[in-house]
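*Asks:* okay, predicted coordinates and the sequence, questions at the end:
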Amino acid sequence: MTAYADRLEALAAEAADRCTTCGKCFEVCPTAREIGLDAGQAVARVGELAALTQGAGAPPDLLLKWLNACDGSARCSAACPEDINVRQWVTIAKMKALDATRPRDVGAANAANRFRHMAQAVRLLASMQLPSETLKKIVAPAERRTAEVLFYTGCNVLRTPHIVLNVMDILDALQLDFDVVGGTAHCCGVYQFQEADLPTYERIGHRTFERFGRSGASKVLTWCPTCTKNFDELEKDVEEPFFDLGHVSEFLAANLDALKARFVDQPRRRVVIHEHLGIGATVDSIRKLLGAVPNLELVELVQDSGFSYACGGQAAKFKDREQAIHRALAEGAVAAGADTIVTMYHSCHRALAGTEAVYPLRVVNFTDVIAEALGRGGHPDYYRLYKTGGSMDEAVTAARTFLENNGVRLDEASVQSLTADIFDETGLAGSRDAFAQAFTALAREG
Ligand code: SF4
Ligand code: SF4
């Protein structure tokens, strides 16, 4: 075992030692209920979790079902009277259980396939929406940066890159010495960890984290909720870094006075935040930020915000539940007289970007709102155009220019793969044919 693997084991062992097997974590687990596991057997399930951690051999079936269902909501951690990070414990146990029940090369192959698929989609979508100088700036090696603050994008937000441009505008407005870093060359290694391919995880996610340290930055601002969770629980807790780590929304909320002083008049809006609990103080921070925007009224809606920490990812295992959450949100927002849904994260933004094809609601990310309140932002959200359907002229014209600028060629097979990628995700959308036909025509231009 490597030193890193040893330290992970130690974190899980510490949780097992402190656990009183009261069962509260299992009782509140939304995914355990979703797959029909009995809350009345909480003590037995947690006992099995502790036994697995203490080396009791292969995990029993019901424990394995629980671990595999976990989508990282962190409701367990919030319920634990001993203040144990149960999500972290479950994540490590799940990796260990997978390793014990499946040949390691199967997991490694799954992880490699998932990474390859994600990297191809990210590369194409970013090349369709961003100029090459911006892309090059983002993917340049982390260790060569010299700024005090690193804004770490992760990989998948580059499918909706206007969000990255917004954050850069906001940090610029704060006159911060910052640099932006991300892309698949700086992946957090989530697929490798999820597939129990720990050696490759160490070469990807663990190394990315070490590269931040080598840049000499004193602060790393994360964007992606998965990267935030992983770096917090699988890196920072394993070994305290020299830099400060936190989600960008929390940093902006801490700098609200400086932002507020720069806010300009805004149009009247009634907005609902599409909420997810589970990642630090992000919901509260975003609520605080939006609450300070001139003429913006926050409409409170009861939501199923504890089911997962973000849309997509692990939550995508529960398509029907996700679909029901999206529908209830949109219908609730309309009934409450809201005109806008504000998304917290990029995966939620992708899921809801096509809402206006179905409901009289605009969908924007919170960074759109804050950047515009600062008199900046306004970056086109081409993904919203893809997802809403209708005329693709603006999106195609932009993509033609950006693809040429990035030296990337779109072929028909890539358009088919992208269409599936964009429209097979759970969410609200208009016609997929509008995107497929318009971009197939673009691919045929050669
Ligand atoms: S993180 Fe959420 S889904 Fe996973 S075990 Fe905890 S409560 Fe259940
Ligand atoms: S809630 Fe905490 S103490 Fe109780 S069983 Fe779960 S981990 Fe153990």
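*Replies:* Okay, I see it. Small disclaimer: the values here were computed from a predicted structure and weren't measured. Ligands and ions are numbered 1, 2, ... in the order given.
*Asks:* quick one: the strands in the chain?
*Replies:* Counting by DSSP state E, one finds strands in the chain at the ranges 149-152, 178-181, 219-222, 244-247, 269-273, 296-298, 340-343, 362-365.
*Asks:* so can I have JSON lines of those strands showing mean neighbour count and mean pLDDT?
*Replies:* Using the backbone N, CA and C atoms, a C-beta is placed for each residue, glycine as well. Shown next, in JSON lines, are those (neighbours: other C-beta atoms under 10 Å; pLDDT from 0 to 100):
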{"stretch": "strand 149-152", "mean neighbour count": "24", "mean pLDDT": "97"}
{"stretch": "strand 178-181", "mean neighbour count": "24", "mean pLDDT": "96"}
{"stretch": "strand 219-222", "mean neighbour count": "24", "mean pLDDT": "98"}
{"stretch": "strand 244-247", "mean neighbour count": "19", "mean pLDDT": "97"}
{"stretch": "strand 269-273", "mean neighbour count": "20", "mean pLDDT": "98"}
{"stretch": "strand 296-298", "mean neighbour count": "16", "mean pLDDT": "98"}
{"stretch": "strand 340-343", "mean neighbour count": "26", "mean pLDDT": "98"}
{"stretch": "strand 362-365", "mean neighbour count": "23", "mean pLDDT": "98"}
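*Asks:* quick one, which of the ones you listed is nearest to ligand 1?
*Replies:* strand 244-247 (17.6 Å; C-beta to the nearest ligand atom).
*Asks:* for the closest one, list the C-alpha coordinates in PDB.
*Replies:* C-alpha atoms of strand 244-247 as PDB (Å, rounded to 0.1, in the frame of the first residue of the first chain):
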ATOM      1  CA  ASP A 244      -6.400  27.500   1.700                       C
ATOM      2  CA  LEU A 245      -9.100  25.600  -0.200                       C
ATOM      3  CA  GLY A 246     -12.800  26.600  -0.700                       C
ATOM      4  CA  HIS A 247     -15.600  27.000  -3.100                       C
END
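*Asks:* what separates it from the chain centre, distance-wise?
*Replies:* 15 Å (C-alpha atoms, centre = their mean, to the nearest Å).
*Asks:* okay, now the residue nearest to residue 69 when sequence neighbours are not counted: neighbour count?
*Replies:* Leaving aside its sequence neighbours, residue 69 sits nearest to residue 31 (C-beta to C-beta, 6 or more residues apart in numbering; 4.1 Å). Other residues near residue 31 number 23, with proximity taken as other C-beta atoms under 10 Å.
*Asks:* and the pLDDT for residue 31?
*Replies:* Looking at residue 31, its pLDDT reads 97.
*Asks:* that one reaches residue 318, doesn't it?
*Replies:* Yes: Residue 31 is within contact range of residue 318, at 7.1 Å (criterion: C-beta atoms under 8 Å).
*Asks:* from residue 299, how far off is the spatially closest residue to residue 91 that is not a sequence neighbour?
*Replies:* The shortest distance from residue 91 to any non-neighbouring residue, by C-beta to C-beta, 6+ apart, is to residue 233 (6.8 Å). Noted for residue 233: a distance of 33 Å to residue 299, by C-beta to C-beta, to the nearest Å.
*Asks:* counting neighbours, go ahead and name the busier of the two.
*Replies:* Set residue 233 next to residue 299 and count neighbours by other C-beta under 10 Å: residue 233 wins out with 21 against 16.
*Asks:* wait, isn't that one in contact with residue 90?
*Replies:* No: with contact defined as C-beta under 8 Å, residue 233 does not count as touching residue 90 (10.5 Å).
*Asks:* ok, back up a step: measure the residue nearest to residue 91 to residue 341 for me?
*Replies:* Distance of residue 233 to residue 341, computed by C-beta to C-beta: 29 Å.
*Asks:* ok, residue 254 next?
*Replies:* 25 Å.
*Asks:* for the stretch 301-446 of the chain, just list every one of the helices.
*Replies:* For the stretch 301-446 of the chain, the helices defined by DSSP state H, counting those that start in this stretch occupy 319-335, 346-352, 366-373, 382-388, 393-406, 412-423, 432-444.
*Asks:* so which of those is the most surrounded?
*Replies:* The highest average neighbour count among the helices of the stretch 301-446 of the chain, using mean count of other C-beta atoms under 10 Å, belongs to helix 346-352 at a mean of 27.
*Asks:* in terms of secondary structure, what does that helix contact?
*Replies:* helix 319-335, strand 340-343, strand 362-365, helix 382-388 (3 or more C-beta pairs under 8 Å, 6 or more residues apart in numbering; DSSP states H and E).
*Asks:* hmm, who's touching that helix?
*Replies:* 156-157, 159-160, 163, 223-225, 274, 276, 310-313, 322, 326, 329-330, 341, 343, 363, 365, 383, 387, 422, 425-428 (C-beta atoms under 8 Å, 6 or more residues apart in numbering).
*Asks:* export it to CSV, keeping only CA atoms.
*Replies:* What follows is helix 346-352, C-alpha atoms only, in CSV (Å, rounded to 0.1, in the frame of the first residue of the first chain):
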residue,chain,number,x,y,z
HIS,A,346,-22.7,23.5,-14.0
SER,A,347,-24.3,20.1,-14.0
CYS,A,348,-27.5,21.6,-12.7
HIS,A,349,-27.2,24.3,-15.3
ARG,A,350,-26.9,21.7,-18.1
ALA,A,351,-29.9,19.8,-16.7
LEU,A,352,-32.2,22.9,-16.5
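*Asks:* how far does it sit from the chain's center?
*Replies:* 9 Å.
*Asks:* hmm, back to that, could you dump the strands of the chain to JSON lines with distance to residue 408?
*Replies:* Rendered in JSON lines, the data for those read as follows (distance: least, C-beta to C-beta, whole Å):
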{"stretch": "strand 149-152", "distance to residue 408": "24"}
{"stretch": "strand 178-181", "distance to residue 408": "20"}
{"stretch": "strand 219-222", "distance to residue 408": "27"}
{"stretch": "strand 244-247", "distance to residue 408": "31"}
{"stretch": "strand 269-273", "distance to residue 408": "35"}
{"stretch": "strand 296-298", "distance to residue 408": "38"}
{"stretch": "strand 340-343", "distance to residue 408": "27"}
{"stretch": "strand 362-365", "distance to residue 408": "25"}
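*Asks:* which of those sits closest to ligand 2?
*Replies:* Among the strands of the chain, strand 244-247 comes nearest to ligand 2, with 24.3 Å by C-beta to the nearest ligand atom.
*Asks:* tell me the domain ranges of the protein?
*Replies:* 3-101, 104-254 (automatic domain parsing).
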